[in-house]
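[1] Please work out how this folds:
(one chain, ligands or ions: 1)
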Amino acid sequence: VHILESFAEAWAELHDDFVDRRVFVVVDAKLLKKNPRCLAKLPARVRRDSFAMRGGEACKSLRQLERLYAAARERGLDRQTLVVAVGGGTVGDVVGLFAATWMRGLPWVTVATTSLAMADSALGGKTAVDWGGLKNPVGAFHPPRAVYGVREALETLPLRHLRAGLAEVLKSAVIGDARLYRRLEREAARLSVDPTASAWVGVLEAAARVKGRVVREDPHELGPRAILNFGHSFGHALELSHRPRWLHGEAIGVGMLAAVEISHRKGLCEAAFRSELAQVLLQLGLPVRISKIDEARFWSALAGDKKSVHGSVRLVLTEGPGSATFGHVASRPQLRAVLRSLG
Ligand SMILES: NC(=O)c1ccc[n+]([C@@H]2O[C@H](COP(=O)([O-])OP(=O)(O)OC[C@H]3O[C@@H](n4cnc5c(N)ncnc54)[C@H](O)[C@@H]3O)[C@@H](O)[C@H]2O)c1
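    Numbering: from 1, shown residues only. Modelled structure (predicted):
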């Protein structure tokens, strides 16, 4: 994973991979509109063949996958073609699945353009689209050959998305890097408003290192990788049930507070950690209280959590910054009490 300053640097890094081969660049259309020069330093033949697609959750569909197949046929892509996904987690997920399936698999690289993608979604090789009202049921493990993050891209990203990605950076800090956690405590206020802050490159690299370490140990999500779901059981249920709707990262922030509260109630960590974490979330410009939820949706989402076994929720809990363990069970009354404590 390389976090670079500019698109020009990313294209320079990829230059040798572009020689003597077809390249199929798929770029997020919103990014392209806000930064029309983002592809300017690509070789002209590569730019001519590029394809702009609308990003956002709606693009993770079989229909979009078909549009990519049609574009691939039109351009006559061959088995050696290098696919390059330029966008956030949604473009990365659908283009990754395209690369995994077209002609039984093409090599790909990803150039991540959101804070969430750089810290999290671009790493680990999971690709997917949504289907039948479900999130990510159709997918494949197809790791990109390389992941580039571009700090410059953060300058055009809506502030709310910039901040939502910081929740995943904070998650990495809590589960695996106490130094990153302390750094976030110091830099949170600045990062949440300033996409040009010099701390960005360092914190994104540190977060990516935590995820990289975990997925190398468990590339196919058979066990230890579950730790990356810290804050996600509660968070995902909140993402589906909170009104007004929260972005994934916003919900995960509150989900992490819930996980810390349960950790404290089980005697794993100090009470002070919860207020500390809430303080960091506030400085990152992220919510810390629940305003209103659809309870039925909340409980059914929690029961359907992918880590649940026979209806009991299994959680990732923490002993404090830099440490987390998986497999803790919490009862419904315990979860209800924690939900109440959050608003
Ligand atoms: N594969 C994985 O392991 C993994 C892990 C976590 C999340 N995800 C997935 O990631 C997705 C969320 O990704 P995301 O938060 O990056 O959202 P996103 O891709 O939807 O991007 C957010 C919005 O910003 C726009 N955008 C992207 N880059 C931009 C830029 N630089 N400037 C201006 N606008 C820009 C997009 O068009 C979109 O409207 C979810 O679908 C989630 O399932 C995947």
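[2] Residues in contact with whichever strand or helix holds residue 129: which ones?
    Taking DSSP states H and E as the definition, one finds residue 129 inside strand 126-131. Contact with strand 126-131 is made by 57, 60-62, 64-65, 92-97, 99-100, 136-142, 221, as judged by CB atoms under 8 Å, 6 or more residues apart in numbering. C-beta here means a position set from N, CA and C on the backbone, and glycine is covered the same way.
[3] and the residues you listed, which are buried?
    Neighbour-count burial (16 or more other CB atoms under 10 Å) applied to the contacts of strand 126-131 gives 60, 64-65, 92-97, 99-100, 138-139, 142, 221.
[4] sorry, back to before: the contacts of strand 126-131 in helices, which ones?
    Using DSSP state H, the subset of these located in helices is 62, 64-65, 92-97, 99-100.
[5] from the stretch 201-343 of the chain, which residue is nearest to the ligand?
    residue 248 (6.0 Å; CB to the nearest ligand atom).
[6] burial measure for that residue, as a count.
    Residue 248 is flanked by 24 other residues according to other CB atoms under 10 Å.
[7] cool, and the one 5 residues further on?
    Residues within reach of residue 253, counting by other CB under 10 Å, total 31.
[8] for residue 216, same thing?
    Residue 216: 11 neighbours (other CB under 10 Å).
[9] Could you check how far it is from residue 126?
    Relative to residue 126, residue 216 is positioned 14 Å away (CB to CB, to the nearest Å).
[10] Now do the strands in this structure.
    2-4, 23-28, 51-53, 82-87, 108-112, 126-131, 134-141, 147-150, 313-320, 323-330 (DSSP state E).
[11] still on that earlier bit, in the strand holding residue 129, which residues are buried?
    Under 16+ other CB under 10 Å, the buried positions of strand 126-131 are 126-130.
[12] Dump those to JSON lines, plus distance to residue 178 and pLDDT.
    Shown next, in JSON lines, are the buried residues of strand 126-131 (distance: CB to CB, whole Å; pLDDT from 0 to 100):
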{"residue": "126", "distance to residue 178": "27", "pLDDT": "96"}
{"residue": "127", "distance to residue 178": "32", "pLDDT": "98"}
{"residue": "128", "distance to residue 178": "32", "pLDDT": "97"}
{"residue": "129", "distance to residue 178": "36", "pLDDT": "97"}
{"residue": "130", "distance to residue 178": "35", "pLDDT": "96"}
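[13] Which residues are in contact with the residue sitting nearest the centre point of the chain?
    Computing the C-alpha centroid of the chain and ranking residues by CA atoms, centre = their mean puts residue 121 first, at 3.5 Å. Applying CB under 8 Å, 6+ apart to residue 121 gives the contacts 88-89, 92-93, 112.
[14] What of residue 339?
    Contacts for residue 339 (CB under 8 Å, 6+ apart) come out as 258, 290, 298.
[15] What's the local residue count around residue 264?
    18.
[16] quick one: pLDDT of it?
    The model reports residue 264 with a pLDDT of 96.
[17] Name the nearest residue to it, sequence neighbours excluded.
    Distances taken as CB to CB, 6 or more residues apart in numbering put residue 271 closest to residue 264, at 5.3 Å, once the chain neighbours are dropped.
[18] now residue 178
    Closest to residue 178 by CB to CB, 6+ apart is residue 322, at 3.1 Å.
[19] contacting residues for that neighbour?
    So residue 322 contacts 173-179, 181 (CB under 8 Å, 6+ apart).
[20] do residue 291 as well
    242-244, 343 are the contacts of residue 291 under CB under 8 Å, 6+ apart.
[21] try 7 Å
    residue 343 (CB atoms under 7 Å, 6 or more residues apart in numbering).
[22] any idea how far residue 341 is from it?
    From residue 291 to residue 341 the distance is 15 Å (CB to CB).
[23] Next: residue 39.
    Counting by CB to CB - residue 39 and residue 341 are separated by 48 Å.
[24] need the strands of the chain in JSON lines with distance to residue 279, can you?
    Shown next, in JSON lines, are the strands of the chain (distance: least, CB to CB, whole Å):
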{"stretch": "strand 2-4", "distance to residue 279": "26"}
{"stretch": "strand 23-28", "distance to residue 279": "33"}
{"stretch": "strand 51-53", "distance to residue 279": "39"}
{"stretch": "strand 82-87", "distance to residue 279": "32"}
{"stretch": "strand 108-112", "distance to residue 279": "28"}
{"stretch": "strand 126-131", "distance to residue 279": "32"}
{"stretch": "strand 134-141", "distance to residue 279": "31"}
{"stretch": "strand 147-150", "distance to residue 279": "27"}
{"stretch": "strand 313-320", "distance to residue 279": "15"}
{"stretch": "strand 323-330", "distance to residue 279": "19"}
